[in-house]
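Q: generate a structure from the sequence data that follows.
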Amino acid sequence: MKNLLRPFSILVLTIQKRVNFENNHPEMTGQIDKVAKTLSQPEIVVRSKTDSEAELFYRHYLMTPIGEKYICVVVKVKVDELVKSRNFDGKVKSSLCKAHES
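A: All right, here's what the predicted structure looks like:
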């Protein structure tokens, strides 16, 4: 189990959830440190257009297994926060931007 820090909270990513992510997004295998940094030090945070309880955390990386990309970590905010998805993205989704200044 890996604890991922986010201001004011701790997200827990279970081994089962991590395996599911890596099966669905094999390019994310071995990228847990980038995921943790994206959550703890996002460059951009936006609210999902399709789910008002979900936030998309983005951080740009020059070097990933598939080239220069953003990592997008989707967190659904409920009583307990839950990491819903993570993947590399070529650009930031145009959603409602939450104020986050680097």
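
Q: from now on I want contacts and neighbour counts done on CA atoms only, so please keep to that.
A: Noted.

Q: restrict stretch 56-65 to CA atoms and write it as CSV.
A: Written as CSV, here are the backbone C-alpha positions of stretch 56-65 (Å, rounded to 0.1, in the frame of the first residue of the first chain):
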residue,chain,number,x,y,z
LEU,A,56,-8.0,15.9,-12.5
PHE,A,57,-4.5,16.6,-11.2
TYR,A,58,-1.9,17.3,-13.9
ARG,A,59,1.9,17.6,-13.9
HIS,A,60,4.0,17.8,-17.1
TYR,A,61,7.0,15.5,-17.6
LEU,A,62,9.6,15.7,-20.3
MET,A,63,10.5,12.1,-20.0
THR,A,64,7.9,9.3,-19.7
PRO,A,65,7.8,5.8,-21.2
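
Q: buried sites along that stretch?
A: 56-60, 64 (16 or more other Cα atoms under 10 Å).

Q: now do the host helix or strand of residue 22, average pLDDT.
A: Counting by DSSP states H and E, the element that carries residue 22 is helix 15-24. Model confidence over helix 15-24, given as mean pLDDT, is 80.

Q: what of stretch 44-52?
A: pLDDT averaged over stretch 44-52 gives 88.

Q: would you mind writing the CA trace of that stretch as CSV?
A: Taking C-alpha atoms only, stretch 44-52 is exported to CSV below (Å, rounded to 0.1, in the frame of the first residue of the first chain):
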residue,chain,number,x,y,z
ILE,A,44,-2.9,22.2,-12.8
VAL,A,45,-6.1,20.9,-11.0
VAL,A,46,-9.4,20.9,-12.8
ARG,A,47,-12.9,19.7,-12.0
SER,A,48,-14.2,17.0,-14.3
LYS,A,49,-16.8,18.1,-16.9
THR,A,50,-18.6,14.7,-16.6
ASP,A,51,-18.4,14.1,-12.8
SER,A,52,-18.7,17.1,-10.4
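
Q: residue 22 touches residue 16, doesn't it?
A: No. With contact defined as Cα atoms under 8 Å, residue 22 does not count as touching residue 16 (10.0 Å).

Q: who has more neighbours, the two?
A: Neighbour totals were compared for residue 22 and residue 16, and residue 22 leads with 17 against 10 (other Cα atoms under 10 Å).
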